[in-house]
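> what would the 3D arrangement of this be:
(one chain, ligands or ions: 2)
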Amino acid sequence: MSTSAAPTDEKRPPVILCIGMAGSGKTTFMQRLNAHLHAKKQPPYILNLDPAVGALPFQANIDIRDTVNYKEVMKQYNLGPNGGILTALNLFTTKFDQVLGFVEKRAPSLDYILVDTPGQIEIFTWSASGSIITDTLAASYPTMIAYIIDTPRTAAPATFMSNMLYACSILYKTKVPFILVFNKTDVTPHDFAVEWMTDFEAFQEALQKDKSYMSSLMNSMSLVLDEFYAHLKVVGVSAVTGAGMDDFLKAVDEAVVEYDTEYKPELERVLEERRKKQEAEKEEQMARLMKDMAMEEKGRDIGLGGRASRRGLDDEGNEDEDDEEEEERDYRDEDDSDDDDMEAYRIEEEERRERAEAESLKRYVAGQRRQ
Ligand SMILES: Nc1nc2c(ncn2[C@@H]2O[C@H](COP(=O)(O)OP(=O)(O)OP(=O)(O)O)[C@@H](O)[C@H]2O)c(=O)[nH]1
Ligand SMILES: [Mg+2]
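Ligands and ions are numbered 1, 2, ... in the order given. Below you'll find the model as predicted:
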């Protein structure tokens, strides 16, 4: 799977990964955003990665359900619903380079790419396939996470806190730009959340009113979240009424800038580091190989008098090498006087090699017997 950073001269539409707790409104939000972008004559490209969704309220360009039938996967692998969704996602990920090929073809004519993910949030955020999909997309496109929150269900300080901690863990795991999308603001406006995120004391006050066993734990953890909030873009939307869609698109533009100025240089640095490491390893291997070959050649020269062929090769070499060869020749001329010693050395070497081969054969036979 490709991990190289994509060329920058082509048009690279932003990829918006919609992630959130079950029922937070990811699919409805995608539907609303799709309608909003169609109205602006900027139809998005849509990927559905939720194999368990019944009916989609929009037309997906690529749908995981066309590739894998998760109910069949459950039957064949004898799995429960969550295992079935995870395995379906894993199977789909093995074909993700083909998916990327389709996206690549359409990318120059697109303004946005939207991705819907399974309701069981941990299946996408903590699975290898979720990471592969996110990293692969982020290597080629300005990719961001739209973390969808069910605002009415987050109004209690303890649930707000656990939702934020979850979001925080995803941000630090993926490192891509992050937009907190407070959804369902038609039911509960998200002002309380903005206040809790910007005014530490207001949140402390709310926590003190909450007498649950969690509150003291939350109290100390809320200190940690301050730094996390600094990395976020926050918007309030209603997927049902369509409120806040332009605010969301503004946050997407900011996330693209963040991707270009922070994520991409870091990605390029990591790739460059990896390339340098691979090159150093290759050079080291090459040096070892050259050393081995030199040793072998020396052995041959000494034992079998392969000087003529060596000289033939060296004729093409530069002057320095010729000098070296001259020295080598002198060295060998001295040694020529003692042919018997050389023959003995060669025989000894051969015997040593035969002994090593016999030992290794013995070890192999012993191993086979044990099995
Ligand atoms: N009032 C209101 N209801 C909403 C809004 N967005 C979604 N819903 C409702 O929330 C419920 C869940 O919406 P979905 O879009 O299916 O949520 P989801 O996150 O995709 O759900 P899973 O994929 O099952 O995790 C549905 O009944 C929606 O009608 C909103 O902005 N306001
Ligand atoms: Mg959904």
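
> please make it C-alpha for all contacts and neighbour counts, starting now.
Fine.

> wait, is F92 part of a strand?
No. The assignment for F92 (DSSP: H, G, I helix; E, B strand; the rest coil) gives helix, which keeps it out of a strand.

> pull the number of nearby residues for it.
21 (other C-alpha atoms under 10 Å).

> swap in the one 10 residues further on?
For F102, the number of neighbouring residues by other C-alpha under 10 Å comes to 13.

> helix or strand: which one has it?
Secondary structure assignment for F102, by DSSP states H and E: helix 96-106.

> not counting its neighbours along the chain, what's nearest N90?
With sequence-adjacent residues excluded and distances taken as C-alpha to C-alpha, 6 or more residues apart in numbering, N90 is closest to S129, at 5.5 Å.

> next up, the contacts around the one you found.
89-90, 93 (C-alpha atoms under 8 Å, 6 or more residues apart in numbering).

> between the residues you listed, which sits nearest ligand 1?
L89 (14.4 Å; C-alpha to the nearest ligand atom).

> about what we covered before: which helix or which strand is home to the residue nearest to N90?
Judged by DSSP H and E, S129 forms part of helix 128-140.

> any idea which helix or strand comes after that helix?
Where DSSP H and E defines the elements, the next helix or strand beyond helix 128-140 is strand 143-150.

> out of the contacts of S129, which is most surrounded?
The most crowded member of those, judged by other C-alpha under 10 Å, is L89 (28 neighbours).

> touching, that residue and P51? I think so.
Yes. Contact criterion C-alpha atoms under 8 Å: L89 and P51 qualify, at 7.5 Å.

> overlap in contacts of these two?
The overlap between the contact sets of L89 and P51 (C-alpha under 8 Å, 6+ apart) consists of I64.

> and the gap between F58 and ligand 1?
Using C-alpha to the nearest ligand atom, to the nearest Å, F58 is found at 11 Å from ligand 1.

> can you tell me the SS state at H231?
coil.

> can you count the residues close to it?
The number of residues packed near H231 is 13, by other C-alpha under 10 Å.

> the closest residue to it other than its chain neighbours and Y345: what is the separation?
Distances taken as C-alpha to C-alpha, 6+ apart place F178 nearest to H231, at 7.6 Å, with adjacent residues excluded. Separation of F178 from Y345 (C-alpha to C-alpha, to the nearest Å): 69 Å.

> more neighbours, those two?
Set F178 next to Y345 and count neighbours by other C-alpha under 10 Å: F178 wins out with 26 against 15.

> test my guess that the more buried one contacts Y147.
Yes. Using C-alpha under 8 Å, F178 makes contact with Y147 at a distance of 7.2 Å.

> can you give me the strands for this structure?
15-20, 45-48, 62-63, 113-116, 143-150, 178-183, 233-236 (DSSP state E).

> mind putting these into CSV with mean pLDDT?
Shown next, in CSV, are the strands of the chain (pLDDT from 0 to 100):
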stretch, mean pLDDT
strand 15-20, 97
strand 45-48, 97
strand 62-63, 96
strand 113-116, 98
strand 143-150, 97
strand 178-183, 97
strand 233-236, 96
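
> between those strands, which one is nearest to ligand 1?
Minimum separation from ligand 1 across these (C-alpha to the nearest ligand atom) falls at strand 178-183, 5.2 Å.

> give me the residues contacting stretch 284-299.
R346.

> buried set for it?
297-299 (16 or more other C-alpha atoms under 10 Å).

> likewise for stretch 192-201?
Buried residues in stretch 192-201 (16+ other C-alpha under 10 Å): 193, 196-197.

> try stretch 250-267
251-252, 255-256, 258-259, 263-264, 267.

> nearest to T185, of those?
Distance to T185 across the buried residues of stretch 250-267 (C-alpha to C-alpha) is lowest for A251, with 17.2 Å.

> mean pLDDT per helix and strand in the protein: which one sits at the bottom?
In the chain, the helix or strand scored least confidently by mean pLDDT, DSSP states H and E is helix 307-314, which has a mean of 43.

> L86 reaches I121, doesn't it?
No. Assessed by C-alpha under 8 Å, L86 is found out of contact with I121, at 10.9 Å.

> with neighbour numbers in mind, choose between the two.
Legend: neighbour count by other C-alpha under 10 Å for L86 and I121, higher for L86 (25 against 15).
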